[in-house]
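[1] Coordinates for the following, if possible.
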Amino acid sequence: MKFLSAASLLVLTAPLANAAAFSIFDPTQASLKVTDNGKYPVNGENPLQYCAKPDNYKLEIESVDLAPNPPLPGQKLTISAKGTLLERIEKGATVNLEVKWGLITLIKQTVDLCDELKNVDMECPLEKGEMILTKEVELPKQIPPGKYSVLADVYNKDQEQVTCLKADDIVFHL
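    Sure, this is the predicted structure:
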């Protein structure tokens, strides 16, 4: 499941990477919202979609590419992402994260974005402007087969939404 982290782009990469740990979730910790049922795919070779029309998001994603796509257990995954932050991201930013395996919720928690950025060799504050990220992730061989979905809803320190991304129907086979 580490691939889900980096694929979420720039500021989403670290919190989703920790999804690989299959943390115990606390349903009181996260408040996730998908505000639209429309389909708004993220450009590039990836399974990502915006949760809603991205007109008001503070992160403009130019592209996210995964190689290989789809990711394979036991293989190295390369994530290449490019985007533009429309505002500075400072300490206090959070990510509401939900990871499901089929109908089973594996993770539902809120994490500190700045703490998680260290996992992708970044740190707060993230300055306004263009960002480019290339990250290699070793996917564990033991990823249980099945269908996975991820939702990452990112907020700045003032609790204004930066972006919201989801990936549904990510299937791993034996």
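
[2] Tell me the bridge partners for Thr134.
    Beta bridges link Thr134 to Ser80, judged by DSSP bridges.

[3] can you count the residues close to it?
    11 (other CB atoms under 10 Å). C-beta here means a position set from N, CA and C on the backbone, and glycine is covered the same way.

[4] before we move on, what about the one 4 residues further on?
    Residue crowding around Glu138 was assessed by other CB under 10 Å; the count is 11.

[5] State the distance from it to Asn119.
    13 Å (CB to CB, to the nearest Å).

[6] Then Asp65?
    20 Å.

[7] so Lys91 makes contact with Cys114?
    Yes - the criterion here is CB atoms under 8 Å, and Lys91 meets it with Cys114 at 5.0 Å.

[8] which residues are in contact with both of those two?
    Cys124 (CB atoms under 8 Å, 6 or more residues apart in numbering).

[9] who has more neighbours, these two?
    Using other CB under 10 Å as the criterion, Lys91 and Cys114 rank with Cys114 on top: 21 against 12.

[10] secondary structure class for that one?
    helix (DSSP: H, G, I helix; E, B strand; the rest coil).

[11] Begin at 560 from now on, thanks
    Happy to do that; since the first residue is 560 now, the last one works out to Cys673.

[12] Please look at it and Cys683 and confirm they touch.
    Yes - look at Cys673 against Cys683 with CB under 8 Å: they come within range, at 3.6 Å.
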